[in-house]
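> What shape does this take:
(chains A, B, C and D)
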There are 2 protein chains.
Amino acid sequence: MSMTPQNCAEKAVRRVPRGEKRREEIAAVAERVFLHRGFTETTMQIIAEEASASKETLYRHFGSKEGLFFEVIRSRSVRITGGNEGELSVEGSPREILGDLGLNLLRFLVNPDSLSLYRAIVTEVPREPELGRIFYAQGPARLLNQFANYLVSATRCGKLFCPEPELAAKLFIGSIVANYQILGLIAPEEAAFSDQKMRTHVNEAVSMFLARYGVCSAKRS
Amino acid sequence: MSMTPQNCAEKAVRRVPRGEKRREEIAAVAERVFLHRGFTETTMQIIAEEASASKETLYRHFGSKEGLFFEVIRSRSVRITGGNEGELSVEGSPREILGDLGLNLLRFLVNPDSLSLYRAIVTEVPREPELGRIFYAQGPARLLNQFANYLVSATRCGKLFCPEPELAAKLFIGSIVANYQILGLIAPEEAAFSDQKMRTHVNEAVSMFLARYGVCSAKRS
DNA sequence: ATATAACCGTACCATCTAGTACGCTTATCC
DNA sequence: GGATAAGCGTACTAGATGGTACGGTTATAT
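Just a heads-up that it's a prediction; the model follows:
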């Protein structure tokens, strides 16, 4: 009856965009699939179907399966630390700052997406070492740097005493991260990631750190 | 000329054993190959060639590729901690004991075989969760337990003060392990694993631990 | 000694999947 | 509005690989 029914038709005759926009749509879908299934278990066919795209389009944009994977992981690695670029403020008590940092970190890397990304990278590093370097630089290295910088500042203004900030940073981050990461990667189901447990863990890590590098008052509570 | 030349022939006409012995030979070869190349990049054909075996023999003994992989990883996970079953002795100063434990642990897990095993398991856990459980129980869990037991004993005889030994154990092990393990998995080539660095790292980790959980003399050096 | 079953090598099958080709449709640019 | 290139879907190729079959050989047990 109406003359231009196709545009306002309720049936989802999705207008599919062209060029860069389509490329990004596909990359987003691919990211989800790769993270969910890993590189090997993912086929180009699956990605194409999920994105309602054709394999030809995939190959036109990304050249190969590895090219697509590479781009996806790379962009995600960069995005990971997109938020926390800034310096850590020296305002507030070290205990508070360390606690916040630790808890945020822990919450972040216990979440399934982070674990999947990490798993995918660990798996593919032998074949694509570049991937590991990018991820390390964007993720762990950046965090360590940022934290070490804070330690320097805090030491300078007398709130902490850290002669070797890089090392201290590694110890603190490690004491928080290690056990949860291993569990998350190796035994995801039985990992009990209650927020309560994480809080307790972080608090104790902070206490240990401050026992060594703290500078203030009541030594040895 | 001689009547039984084939047995003493210099040409390696390797007498190939039958039954269980052959099975173990093959498993040993498979272990090497799997650790070196990972599950996906390993083919049954390669294993067969490396072991001078026939695929049929592989399948008779192990049923499937996954079966072979499973058996190999399982036995290796068990073997990992085969040495250090015993309790940690309470003799000696905590600083010494923690230092030794830490350094041994660190040396152990930066070695390429350990990293390969860990990588293989991380990769395959989504498909074979059982693998992860076995590894965790045989490796990390056992170590944590052992260490926590030591902390209890040391606390009991007044050499340390650890009200929450499990948590303290996690913090200590984590502070030692995390950074090196990540680097080893993610950026193997640029990982600078000098023994000197590891020593320094461990020493500082021990100092931090003792600052919190130590009990003796010269508080706050 | 001889029977038997483990073993080897080669060939083979079925499947899966990266990557290509092609004809038709449709968004986009002028 | 019409040309053009991006995109879709289907079909196809080629290579790799898990797993099987089979005939000949050799260790091993009786």
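
> Quick check: buried residues in stretch A:162-182?
A:162, A:165, A:167-182 (16 or more other C-beta atoms under 10 Å in any protein chain shown). (Glycine included, C-beta is placed from N, CA and C.)

> Then stretch A:197-208?
Within stretch A:197-208, the residues that count as buried by 16+ other C-beta under 10 Å are A:198, A:201, A:202, A:203, A:204, A:205, A:206, A:207, A:208.

> average pLDDT for it?
Taken as a whole, stretch A:197-208 has an average pLDDT of 96.

> what does it contact?
With contacts defined as C-beta atoms under 8 Å, 6 or more residues apart in numbering or on different chains, stretch A:197-208 is touched by A:95, A:98-99, A:102-103, A:106-107, A:110, A:172, A:175-176, A:179-180, B:164, B:167-168, B:170-171, B:208-209, B:211-213.

> So which of these belong to strands?
Among the contacts of stretch A:197-208, no member falls in strands (criterion: DSSP state E).

> Just to check, residue A:73 is in contact with residue A:118?
No: using C-beta atoms under 8 Å, residue A:73 is not in contact with residue A:118; the gap is 10.7 Å.

> For residue A:178, list the residues it contacts.
Here residue A:178 is in contact with B:170, B:173, B:174, B:175, B:177, B:178, B:181 (C-beta under 8 Å, 6+ apart).

> Need those in TSV (columns: distance to DNA strand D and pLDDT).
Output for the contacts of residue A:178, formatted as TSV (distance: C-beta to the nearest atom of the strand, whole Å; pLDDT from 0 to 100):
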residue	distance to DNA strand D	pLDDT
B:170	38	97
B:173	36	97
B:174	36	97
B:175	40	97
B:177	32	94
B:178	33	89
B:181	28	93
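
> for these, which one is nearest residue A:79?
Nearest to residue A:79 among these is residue B:178, at 22.8 Å by C-beta to C-beta.

> who touches the residue lying closest to that closest one once chain neighbours are set aside in this structure?
Taking C-beta to C-beta, 6 or more residues apart in numbering or on different chains, and ignoring the residues beside it in sequence, residue B:178 has residue A:174 as its nearest neighbour in space, at 3.3 Å. Contacts here follow C-beta under 8 Å, 6+ apart; on that basis residue A:174 touches B:174, B:175, B:176, B:177, B:178, B:179.

> Quick check: the gap between the last one and residue B:167.
Distance from residue B:179 to residue B:167, counting by C-beta to C-beta, to the nearest Å: 20 Å.

> what separates stretch A:54-69 from the chain centre, distance-wise?
Remark: stretch A:54-69 is offset 24 Å from the chain centroid, using C-alpha atoms, centre = their mean, to the nearest Å.

> Quick check: buried residues in it?
Across stretch A:54-69, burial judged by 16+ other C-beta under 10 Å covers A:57, A:58, A:61, A:62, A:65, A:68, A:69.

> That stretch and chain B, are they touching?
No: against chain B, stretch A:54-69 shows no contacts by C-beta under 8 Å from any C-beta of the partner chain, the least distance being 13.4 Å.

> which residues are contacting that stretch?
A:22-23, A:26-27, A:30, A:34, A:39, A:44-45, A:47-48, A:71, A:124, A:128.

> for the residues you listed, which one is nearest DNA strand D?
residue A:22 (3.2 Å; C-beta to the nearest atom of the strand).

> What is the one helix or strand that closest one maps to packed up against?
Per DSSP states H and E: residue A:22 is located in helix A:20-37. Under the contact criterion of 3 or more C-beta pairs under 8 Å, 6 or more residues apart in numbering or on different chains; DSSP states H and E, helix A:20-37 touches helix A:44-50, helix A:55-62, helix A:65-80, helix A:112-124.

> between these, which gets nearest to DNA strand D?
helix A:55-62 (3.4 Å).

> Please look at residue A:210 and residue A:94 and confirm they touch.
Yes: the criterion here is C-beta under 8 Å, and residue A:210 meets it with residue A:94 at 6.6 Å.

> higher neighbour count, residue A:73 and residue A:118?
Legend: neighbour count by other C-beta atoms under 10 Å in any protein chain shown for residue A:73 and residue A:118, higher for residue A:73 (24 against 20).

> how about that one, what does it touch?
Residue A:73 neighbours (C-beta under 8 Å, 6+ apart): A:34, A:117, A:120, A:121, A:124, A:131, A:134, A:135.

> Is it possible to get CSV of those residues that adds pLDDT?
Shown next, in CSV, are the contacts of residue A:73 (pLDDT from 0 to 100):
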residue, pLDDT
A:34, 96
A:117, 93
A:120, 94
A:121, 94
A:124, 92
A:131, 91
A:134, 91
A:135, 93
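
> Most widely separated two among those?
Taking C-beta to C-beta, the two most distant members of the contacts of residue A:73 are A:34 and A:134; they sit 15.3 Å apart.

> Look at these two and report which has more neighbours.
Neighbour tally, residue A:34 and residue A:134, criterion other C-beta under 10 Å: the higher count belongs to residue A:34, 23 against 20.

> is it true that the more buried one touches residue A:41?
No: counting by C-beta under 8 Å, residue A:34 stays clear of residue A:41, with 9.3 Å between them.

> Domains in chain A, by residue range?
Under the assignment automatic domain parsing, the domains of chain A span A:16-78, A:86-213.

> Cool, thanks, talk later.
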